[in-house]
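S.K.: Sharing a model that was predicted from the sequence below.
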Amino acid sequence: MNKPIALPAQAIALAIAASLSVAATPAFAQSTTGSIFGQVTASTGDTVQIKSNTGIARTVAIDKSGRYVAAELPLGTYTVSLLRGGQVVDSRNDVSLRVGSGTEVSFEAAGARNLGAVNVSANTTPPIDVTSVDSRTVITAAELAQLPLGRSAEAIAQLAPGVVGNSGGYVGPTGQSLVSFGGSAASENAYYLNGFNTTDPQRGLGGITLPYGAIEQQEIYTGGYSAQYGRSDGGVINMVGKRGTNDWHFGAQVLWEPAFAQADGTNTYYTNGLPASPVAGNLYDPNSRNRQWTTTYDAYLGGPLIKDKLFLFLAAEASTQNGTTVNNVADAKPYVSYHYTLPKWYAKLDWNITDSNILELTGASNKQETSGSVYSYDYTTLSRGNFINYDDNTKTGGDVYSAKFTSYITDSLTLTALYGKMKSVNYDVPGNYDGSLTYLAHTQNQNPALNGGSPIGNNQVTESLYNPNRHDTSNNLRIDLSYQLGPHTISLGVDNQNSRAIDQGSETSGPGYYWDYGRTTTPNVALIPNLGVGAPANYPGGATGYYAIQTIDSSIASVRSAQRAQYIEDKWQLTDRWLLSLGLRNDQFTDYNADGQAYIRQRSAQWAPRLGFSWDVNGDASFKVYGNAGRYYLGLPLNPALNAAGAYVATQQYFTYSGIAPDGTPTGLVPFSSAVSPNNTYGVLPDPKTVTAQNIKPEYQDEFILGLTKAIDDHWVYGAKLTQRILRNGIDDYCDVPAIENKAASLGYDVSATNSCYLINPGRANTFTVVDTSGAYQSVTLSNAEMGFPPLKRQYYALETFLEHPFDGRWYGKIDYVFSRSYGDTEGQLRSDIRQTAASTSIDWDFPELMSSSNGAQSNDHTHQIKLFGYYQITPEWQVSGNLSLVSGNPRNCLGFYGPSQTDPDGYGSYYHWCGGQPSPPGTYRLPWNKQLDVGATYRPAFAAGKLGFSLNVFNLFNSQTILNAYPYFQISPGTPDPLFGSAVVRQQPRYVRLSATYDY
C-alpha cells in the first residue's frame, strides 16, 4: 500500500476555488443518489475515473473548459482518479456523497507538481454546497449514532429549522408523532423511502419509514425543492437505506427503556366546574398512574454476494412495549394493560449488471400490532378492579417493495426508472365482542336524580366496528431522463401514482347506535331550531335539562385515485459563479367514488414553475447567496371519497328520559326530534357530477426564499434565510345545502338535494351542478359573499438564522433560531385545535357561522424556535451529546356557541369561534413555551477497538410537561360551562431513560 501524501493547503484551496468558479452539478430532491463534479487542468485525452466501494466504475470525459460531472451516483464511498494515457496520475480517496447534493473533487494543475501517481486520503469537499438552490438538512447514519434522538423519521426531522411537533397530537401509521413544516398542516408532507412515495394515501398522516438502524441518510426538505417532485406544500422526509459493500459487516443493538426510570405524568383535573355526575370529584385523568417499558432488538448484515457485482443488506428490528394506561373517568376503557409489538425489516439487493447499468431492489416493512385487557378502575382509591373484556387487536403500518433501474447510456445521458408498490393495513377487531350491549358516551352528564349521583355504565368498550379487510394500496412509477449539455443539465420525466382505500370506514357497534348523554342549563330554549331539535322542557322528563342522543354512524366503502405528473428542468451554470435552476411541473388528479365513478377530475394543466439561483460570491465556496420561487400542488387525499362523495350515515335523534336501566341506557324515552343530520348524511350516494364545484382547482401554495450561507473560517459557518409561503387555493367541503337550494329556486329550478356536502374552493365563488325534479342538470353559482365566507387565507413568513461548527475530530455543534408567523382563517387540510383527522373535509367552510372570527394565528404557529444540538468527544472512549429545543407556545383556542346570543344555528354545538358571547379569533390566547433538553453519553472501550458501545440517553431531562393542545370547548350547551375547558389534551412526554449496547463488526 502506498502511503498517502498531503498536498499543500494553499494548492488545495486554489484548486477548490478554481473548480467552484466554473463547475455545475445536478441536485435531485427526494432522490437516492448524489453526484461528483470538479475542475481539472487537463491535457488532451485526460479522463476522470470514479470507482465506488461496491465496484461501480465510471470514466467521464473532461470538457474543453476543464469541467467534468458524474451524476446519479448511488450513495457510498468513492475513489476519484485523474487518468492520463490510461494511467492514474492523481486520486482522491474516501469521497463520501450526500443524498441530493453535489460533491466537489478537483485536481490541481499538472504543472504545479510531479506527474507521478499521487494518492490523497483527505476529502476536500468545501463546507458550503454552492450547487443547491433549495432548503434542506441531511442527517447521516454517523450523525444519528451521536445524537440523543427519538427513533423515528419525525424526531430526526425536528433537527431541521422550522420543523415542529404538530399541535393536534396526530400520529402516523405506527404511532409516531407527526410534524409540521413551515406552519402547514401535518397531512401536507410527503414521505419517500429509497425514492418511493410512502405517504399515507387516505389522509396524508405520515408514511412508511425505515428501521432506525437501516437509515443511511435522511434528507429533510423545508422548501424550494425541484420540479421533479411535488404533492406536498408542507415539507418532505426522504429516507435512503443502507446498502451492502465489498466488505462484510454485521452488528446488533439492544435498547431498554425501563419503567422505573420514567417520570410520573401530570394528572388532568376539571378546570371549569364539575359535570352533573362526577366520578372522582375534580379528577378527570390520572396520568400519573400510567407506566410503560420498551425493549428493542436491532440487527443488520451486509456484504457482497459476488464481489464488485451483487450486494445484499438486511436489517431487522423487533420492539416490544408493555404498559398500563389509566384512561379518563369518562372512557369506556378505564384501565388497559397492553402489549405492543413493532416489527420492522429492510432488505436491499444491488446488482451492478455492468458499469453502465445498475438494478436496485428494496423491500421494507414497518408495522405496529397491539393487544390488551380492559379492567374496571376505582378513581377514588386509584386502584385496578375486575377484568371487563379484551381490548381490540389491531395491526397498522405496511410493506413496501420497489425496483429501480439506472442506465448511464452515455457519459452525458442517464436514464432512471422506478416502480414500487405499498400495502398499508388498518386491522382492528374487538376482543371477545358482545354485540348485545350498547355503547355509552358522556355518562358523567346523566341526571344525578336517576343514577344516585354516580354514572351508570356497562361493559361495552367498543364504539365502532371495522371490516377486518380494511387496508390501503398504492403504486408509484417514475421515469427520469437526465442529459448533460455543456453548462446545462436537462432533466425530464413522469411521476405517476395510483392509490386505493379498501373497505375503509366503520359502523356503530351493538344494536347499530350508541347513546350520548347531554345536559343544558336552559331547558326552555330550543337546542337546534334549524334542524327541528326543540326545547327539552317542552317534553316529559326534560324540565331538568337532561337528555340523551341516539347516534348512528355507518360508512364502509372502497375508493381510489389517480395522480399524474410530468416535469422538465434545467440546471444551468450561467457564468462561472451563477447557477440557475429552471423547472416546470404539471400535475393532474382524478378521484373516484365507491361505484368507481370519477367525482373530481383535475386534468387540465396545473402548472407549477420552480425558479432558483445560487451565487458563489467569492468563487471559493466560502459565501453563497441563493433564492428560489415555486408553486406546489397538493393532491386530494382519498378521505373525501368516503364522506362528501360517499353514502355514509351520521344521524342524531334527541330524547328526554325518565329513567336509567342497569346497563346505563336511558328509559322512559320521549323523542323531541326526528333523526337529524347537520350535514344531510342519510346514506345516499350522491351523483358524482354534483359532488364538486365546477372546474374545482387543487390546493396549491406559492413559496419564496432568499438566503445566504457564509464561512467565517475553517471552523464556523453561519447563515440566514427569509421565507414566505402563501396558500393560494384550498379544497374543503361546504354543507349549507339550503343556501344552494334557495339560490336554485331564485333561478327557477326546483331542487331537493341529497348531497351531504359539496367540495369547493373556499373563499371564492363556486358553481354547483344540481339535479332538478325533472332529472335535468342545472348550474347554480354562489358568490363568496352569498356563501358568507371571508377570502381563504393562510400565510407564513419566517426569518431563520444559524451558526454551525462542523465536526473537527473533537466536537460538533449547531444552533438555529427561527422567528415565524402562520396566520389566516384556515390551517389547511386539518383542524389541529379540535384534533380533526378528516383531511380536506374539516369543519371549516361547512357553514358561514363556523368561519366567523376565524382569522388569526393558526394552530401550528410558533413565533420563536430555538434549537441547539451537538456532541463532544471527551476522549477516544467517551462522548457526550445534547439536543435542546425551546419553542414558544401555539394558540390556545376558545370555542363556544355562536354570537352574542350563544345559539347553535348549524347543529355543531360548541365549535364556533365565539367564547361566552364574545368573538374569539384563533391566537387570542397562547400556550406556554415547550422546553426540552435531551442528553446522552457513550462509552466505547479501547479493548473492543471501538466496535462495542454502551449509551445512556435521558429524554426531557428536566421533566417539562407543557400543554401542547388544550381542550378548546367553552360550553356543553348555551349557558352551560364545559368542565374541561382549558385542560390538557396533549402534553410533553414525561422524562424517560434509554439504555443501549451496540456491537458493530
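M.R.: Ah, there it is. Predicted, not measured: the structure shown is a model, and the values here were computed from it.
S.K.: Packing partners of the strand ranked longest in the chain?
M.R.: Determined from DSSP state E, the single longest strand within the chain is strand 546-573. The helices and strands touching strand 546-573, judged by 3 or more CB pairs under 8 Å, 6 or more residues apart in numbering; DSSP states H and E, are strand 488-508, strand 514-519, strand 578-592, helix 639-642, strand 649-656. Using the backbone N, CA and C atoms, a C-beta is placed for each residue, glycine as well.
S.K.: Enumerate every residue touching Thr199.
M.R.: Residues in contact with Thr199, defined by CB atoms under 8 Å, 6 or more residues apart in numbering, are 189-191, 206-207, 231.
S.K.: of the residues you listed, closest to Ser561?
M.R.: When the contacts of Thr199 are compared for distance to Ser561 (CB to CB), Arg231 wins out at 11.2 Å.
S.K.: For Gln602, see how far away the closest residue to that closest one other than its chain neighbours is.
M.R.: Ranked by CB to CB, 6 or more residues apart in numbering and with sequence neighbours excluded, the top spatial neighbour of Arg231 is Gly635, at 4.9 Å. To Gln602, Gly635 is 9 Å away according to CB to CB, to the nearest Å.
S.K.: between these two, what contacts are shared?
M.R.: Common contact partners of Gly635 and Gln602 (CB under 8 Å, 6+ apart): 587, 589, 698.
S.K.: what's the burial count for the first one?
M.R.: Using other CB atoms under 10 Å, the number of residues around Asp587 comes to 24.
S.K.: tell me which residues form a beta bridge with it?
M.R.: Assessed by DSSP bridges, Asp587 has beta-bridge partners Ala565, Gln606.
S.K.: Quick check: it touching Arg231?
M.R.: Yes. Counting by CB atoms under 8 Å, Arg231 is a contact partner of Asp587 at 7.3 Å.
S.K.: which residues are in contact with both of the two?
M.R.: Shared contacts of Asp587 and Arg231, counting by CB under 8 Å, 6+ apart, come down to 563, 565, 633, 635.
S.K.: Neighbours of the second one, how many?
M.R.: Other residues near Ala565 number 24, with proximity taken as other CB under 10 Å.
S.K.: Among the helices and strands packed on strand 546-573, single out whichever gets nearest to Tyr797.
M.R.: Closest of those to Tyr797 is strand 578-592, at 22.7 Å (criterion: CB to CB).
S.K.: hang on, the earlier thing: higher neighbour count, Gly635 and Gln602?
M.R.: Taking other CB under 10 Å, Gly635 and Gln602 do not tie; Gly635 has more neighbours (29 against 21).
S.K.: Backbone dihedrals for Val95, please?
M.R.: phi -90, psi 110 (degrees, to the nearest 10).
S.K.: Apart from its chain neighbours, what residue comes closest to it?
M.R.: In space, and not counting its chain neighbours, Val95 is closest to Tyr78: 4.4 Å by CB to CB, 6+ apart.
S.K.: residues making contact with the helix or strand harbouring the one you found?
M.R.: Taking DSSP states H and E as the definition, Tyr78 sits inside strand 77-84. If you take CB under 8 Å, 6+ apart as the criterion, strand 77-84 is touched by 36, 38, 40, 42-43, 45-53, 59, 88-97, 105, 107, 110, 115, 245.
S.K.: Could you rerun that using 7 Å?
M.R.: Residues outside strand 77-84 that contact it (CB atoms under 7 Å, 6 or more residues apart in numbering): 36, 40, 43, 46-53, 88-96, 105, 107.
S.K.: What residues of that strand count as buried?
M.R.: Neighbour-count burial for strand 77-84, counted by 16 or more other CB atoms under 10 Å, picks out 78-84.
S.K.: just curious, which of these is nearest to Tyr898?
M.R.: The closest of the buried residues of strand 77-84 to Tyr898 turns out to be Tyr78 (CB to CB; 64.9 Å).
S.K.: And the closest one, how far from Ser35?
M.R.: 11 Å.
S.K.: again, but for Thr245
M.R.: Taken as CB to CB, the span from Thr245 to Ser35 is 20 Å.
S.K.: The two - which one has more neighbours?
M.R.: Neighbours per residue, other CB under 10 Å: of Thr245 and Ser35, the larger number sits with Ser35, 24 against 19.
S.K.: And the next helix or strand past the helix or strand hosting the more buried one?
M.R.: Per DSSP H and E, Ser35 falls inside strand 33-39. Sequence-wise, the next helix or strand downstream of strand 33-39 (DSSP H and E) is strand 47-52.
S.K.: Which strands and helices lie in contact with that next one?
M.R.: Contact analysis of strand 47-52 by 3 or more CB pairs under 7 Å, 6 or more residues apart in numbering; DSSP states H and E lists strand 57-61, strand 77-84 as its packing neighbours.
S.K.: For the first one, which strands pair with it and how are they oriented?
M.R.: The reference is to strand 57-61. Strand 57-61 is paired, per DSSP bridges, with strand 47-52 (antiparallel).
S.K.: now the partner strand against strand 33-39, angle please.
M.R.: Orientation check (axes from the mean of the first three to the mean of the last three CA atoms, to 10 degrees): strand 47-52 against strand 33-39 gives 150 degrees.
S.K.: Can you mark which positions in the helix or strand harbouring Gly612 are buried?
M.R.: Taking DSSP H and E as the definition, Gly612 sits inside strand 598-616. By 16+ other CB under 10 Å, the buried positions in strand 598-616 come out as 598-602, 606, 608, 610-616.
S.K.: Now it - C-alpha only, PDB.
M.R.: Extracted as PDB, the C-alpha positions of strand 598-616 are listed here (Å, rounded to 0.1, in the frame of the first residue of the first chain):
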ATOM      1  CA  ALA A 598     -64.900   9.900 -11.200                       C
ATOM      2  CA  TYR A 599     -66.300  12.600  -8.900                       C
ATOM      3  CA  ILE A 600     -63.400  15.100  -9.400                       C
ATOM      4  CA  ARG A 601     -61.300  15.500 -12.500                       C
ATOM      5  CA  GLN A 602     -58.400  18.000 -12.400                       C
ATOM      6  CA  ARG A 603     -56.900  17.100 -15.700                       C
ATOM      7  CA  SER A 604     -56.300  20.500 -17.100                       C
ATOM      8  CA  ALA A 605     -52.700  21.800 -16.800                       C
ATOM      9  CA  GLN A 606     -51.700  22.600 -13.200                       C
ATOM     10  CA  TRP A 607     -48.500  24.400 -14.000                       C
ATOM     11  CA  ALA A 608     -46.000  24.600 -11.200                       C
ATOM     12  CA  PRO A 609     -42.900  26.700 -12.100                       C
ATOM     13  CA  ARG A 610     -39.800  26.300 -10.000                       C
ATOM     14  CA  LEU A 611     -37.100  29.000 -10.300                       C
ATOM     15  CA  GLY A 612     -33.900  29.200  -8.300                       C
ATOM     16  CA  PHE A 613     -30.400  30.600  -8.200                       C
ATOM     17  CA  SER A 614     -27.100  30.100  -6.400                       C
ATOM     18  CA  TRP A 615     -24.400  32.800  -6.400                       C
ATOM     19  CA  ASP A 616     -20.900  31.700  -5.300                       C
END
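S.K.: Return the closest of the buried residues of strand 77-84 with respect to Gln653.
M.R.: Set against Gln653, the nearest of the buried residues of strand 77-84 by CB to CB is Tyr78 (70.1 Å).
S.K.: separation between Val985 and Tyr269?
M.R.: 13 Å.
S.K.: ditto for Val326
M.R.: 14 Å.
S.K.: More neighbours: which of these two?
M.R.: Legend: neighbour count by other CB under 10 Å for Val326 and Tyr269, higher for Val326 (24 against 16).
S.K.: what sits against the most centrally placed residue in the chain?
M.R.: Against the mean C-alpha coordinate of the chain, by CA atoms, centre = their mean, the closest residue is Gly206 at 4.2 Å. The contact partners of Gly206, taken as CB under 7 Å, 6+ apart, are 172-173, 176, 178, 191, 200.
S.K.: Mind pulling the model confidence for it?
M.R.: pLDDT, Gly206: 96.
S.K.: about what we covered before: please compute how far the strand holding Gly612 lies from its chain's middle.
M.R.: Offset of strand 598-616 from its chain centre (CA atoms, centre = their mean, to the nearest Å): 21 Å.
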